[in-house]
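K.L.:
Coordinates for the following, if possible.
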Amino acid sequence: MMRNIFKNFICVAGILIATQSMYAQAVTERRVLETMKQATSFMMDKVSYNGAFVWSYLPDLSRQWGEMEAFRTMGWIQGGTTQMGHLLLDVYNATGDEYYYEQAARVASALIWGQLPSGGWNYIIDFAGEGSLKHWYATIGKSGWRLEEFHHYYGNATFDDAVTTDAANFLLRMYVAKYDPIYKPALDNAIRFVLESQYPIGGWPQRFPLMYEHVFRGKPDYTSYITLNDDVIPENIEFLLNCYQALGLQNVKGPIMRAMNLMISLQHGAPYAGWADQYTVDELNPAGARSYEPRGINASTTVRMIRVMTDYYKLTGETKFLARIPEAIAYLESQALPESEIQRFGRPSRDPEAILVPRFVCPDTGKPYYVHRRGSNYYNGEYFFDHDISNTVGHYSSATWVNIPSLRRMYAEALTWSPATLKAESPLYSTELIPLPKYFSPMRPLTSGSLAEDVSALLQSINREGYWLSPISFSYPYKEYPKEGFVHTGMDYLSTSVGDEYDTSPYRQEGVTGISTSTYVANMMRFVAYLDSLKR
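P.N.:
You can find the predicted model right below:
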């Protein structure tokens, strides 16, 4: 009798615990959804300007920054605005809540407003008009010592930092979400822009329509060069592949193949068998770009391209994309710096397998280029190269850590893949439409021990206004440089991210916090992951 009572007690207790657990989960899910709506309402109704965003804001919205300080009437297409648009569609896909689609439509309207007649986008849109944008370039933009891409206003579009392709991918997602014809003209213009700007050999310039007008400190305008830097060619290929998958566009397949095949041709010959950031159009020779980006084989780009070539083998089943990967790995390994140079570089790695290699190597001599600067701002300063790894610039690393065993493992794994199977599974050879990925926003690593702990911390840390206070970059306000100028001969700014008070380059300053678009996106994706976990 007592045994039966005990069994019944255990059973009832188990039911109560399970019920309490389900109730706690339901409460947490409701709180997550409410918090997501609160944070989004704040970003859309208080922070955005006509549906556009920059990267970060002071809490009172008195100052704001993209890659540089921005006017309140601006939206950053590089990051901010498209980052928000993709996130809103991600949350719509996760929840089915029409509110998020409606907010994504507001972002899309801002992007369509800022789309250039050519079909692409500049880094920035300014709802105050082109006069305001030109004024920004002539003041804040020009004074950013290390941000040379903002020293000159071209008036054309850019592929740098996936500016145009991120915006175009977002409009593609908006269109296929409901096939609303309102997005079709802008999407068609973006597709036409990417196709028209491609060189016959398969690459793309950094900016288009082509311009050659900005000769900077004796160096030619680099924006017409075939560009690998910041994944210009891979990002354009990915966008066209998305169009092929989601829309079935047959006219993009040829441009995709030409671009992928060009990647093979751009690999330099042994013994420096890596890739450069830019190439001359006619000779396909490595070329320089900004004044701290010399003509050279770039180790970081080479690592990235090894991964890209593996991806293209997976996409096509064609072994030609794997053929010269061993040469590239051997080149990187040959550049390993001795311990004495590692000590002089002064930036250790946490990866015990990694070797330190020069970022740039002369494609003719194999000698490393290390980047330095002198002066204190754009007006009196300059960048230069030598072979001394000490006292290099801090904002752009002159050497990089490379994990050679990891690259070899990746290559060895690729060799096990069957070309026939890869082709059979490749979207490039599919005759049917393939849905786009459900989510485009990246998921950051957990900050706590578990997803539930992360979510709990986010629920507790959002403030009453509806945002998470985060560290943000800061900058000196624009200050007109005196006509008489001055010479700076010290070493104060050799390795800093910012110069003197005339330099508008952003930098991190202890205690400066505000509203961060990236923080909002990361936290929202953490909530999305949590909601998805409840469905499993």
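K.L.:
going forward, measure contacts between C-alpha atoms and count neighbours the same way
P.N.:
Will do.
K.L.:
Which neighbouring elements make contact with the longest strand along the chain?
P.N.:
Longest strand in the chain by number of residues (criterion: DSSP state E): strand 507-516. On a contact count with 3 or more C-alpha pairs under 8 Å, 6 or more residues apart in numbering; DSSP states H and E, strand 507-516 meets strand 56-57, strand 469-474.
K.L.:
CA atoms only: put stretch 154-162 into PDB for me.
P.N.:
What follows is stretch 154-162, C-alpha atoms only, in PDB (Å, rounded to 0.1, in the frame of the first residue of the first chain):
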ATOM      1  CA  TYR A 154      32.900  59.600 -57.700                       C
ATOM      2  CA  GLY A 155      29.100  59.600 -58.000                       C
ATOM      3  CA  ASN A 156      29.100  56.000 -59.200                       C
ATOM      4  CA  ALA A 157      28.400  52.600 -57.500                       C
ATOM      5  CA  THR A 158      30.800  50.300 -55.600                       C
ATOM      6  CA  PHE A 159      31.200  46.600 -55.100                       C
ATOM      7  CA  ASP A 160      33.600  47.100 -52.200                       C
ATOM      8  CA  ASP A 161      32.500  45.500 -48.900                       C
ATOM      9  CA  ALA A 162      29.600  43.800 -50.800                       C
END
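K.L.:
With distance to Ile389 added, can I get the helices and strands packed on strand 507-516 in TSV?
P.N.:
Listed next are these as TSV, based on distance: least, C-alpha to C-alpha, whole Å:
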stretch	distance to Ile389
strand 56-57	34
strand 469-474	27
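K.L.:
Arg304: which of these is closest?
P.N.:
Ranking those by proximity to Arg304 (C-alpha to C-alpha) places strand 469-474 first, at 27.2 Å.
K.L.:
How about the residue nearest the centre of the chain: what's its closest non-neighbour residue?
P.N.:
Nearest to the mean C-alpha position of the chain, counting by C-alpha atoms, centre = their mean, stands Asp161 at 5.7 Å. Nearest residue to Asp161, sequence neighbours excluded (C-alpha to C-alpha, 6 or more residues apart in numbering): Asp230, at 5.6 Å.
K.L.:
Return the distance of that neighbour relative to Trp417.
P.N.:
Distance from Asp230 to Trp417, counting by C-alpha to C-alpha, to the nearest Å: 28 Å.
K.L.:
These two: which has the busier surroundings?
P.N.:
A direct count of neighbours by other C-alpha atoms under 10 Å for Asp230 and Trp417 places Asp230 higher, at 16 against 13.
K.L.:
element containing Lys483?
P.N.:
Take DSSP states H and E as the rule and Lys483 turns out to sit in neither a helix nor a strand.
K.L.:
With Gly203 instead?
P.N.:
Short version, using DSSP H and E: Gly203 is in no helix or strand.
K.L.:
show me the contacts for it.
P.N.:
226-227, 233, 258-259, 262 (C-alpha atoms under 8 Å, 6 or more residues apart in numbering).
K.L.:
Kindly report the same for Asn236.
P.N.:
Here Asn236 is in contact with 165, 194 (criterion: C-alpha under 8 Å, 6+ apart).
K.L.:
Flag every buried residue along whichever strand or helix holds it.
P.N.:
Assigning secondary structure by DSSP H and E places Asn236 in helix 232-247. Using 16 or more other C-alpha atoms under 10 Å as the test for burial, helix 232-247 gives 232-237, 239-247.
K.L.:
quick one: which of those residues is nearest Ala457?
P.N.:
Comparing the buried residues of helix 232-247 against Ala457 with C-alpha to C-alpha places Glu235 closest, at 34.9 Å.
K.L.:
Could I get the contacting residues of that closest one?
P.N.:
Glu235 neighbours (C-alpha under 8 Å, 6+ apart): 162, 165.
K.L.:
Try it again at 10 Å.
P.N.:
159-166, 228, 241 (C-alpha atoms under 10 Å, 6 or more residues apart in numbering).
K.L.:
again with Pro181
P.N.:
Contact partners of Pro181, counting by C-alpha under 10 Å, 6+ apart, are 174-175, 187.
K.L.:
Adding pLDDT and distance to Ser430, write those out as TSV.
P.N.:
Shown next, in TSV, are these (pLDDT from 0 to 100; distance: C-alpha to C-alpha, whole Å):
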residue	pLDDT	distance to Ser430
Met174	98	23
Tyr175	98	21
Leu187	98	22
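K.L.:
Of these, just the buried ones, PyMOL syntax please.
P.N.:
Buried residues within those, by 16+ other C-alpha under 10 Å, are selected in PyMOL with:
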select buried, resi 174+175+187
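K.L.:
Next, the closest residue in space to Tyr175 that isn't next to it in sequence: secondary structure please.
P.N.:
Once flanking residues are discounted, Tyr175 sits nearest to Tyr183: 5.6 Å by C-alpha to C-alpha, 6+ apart. Here Tyr183 takes the helix state, with states given by DSSP: H, G, I helix; E, B strand; the rest coil.
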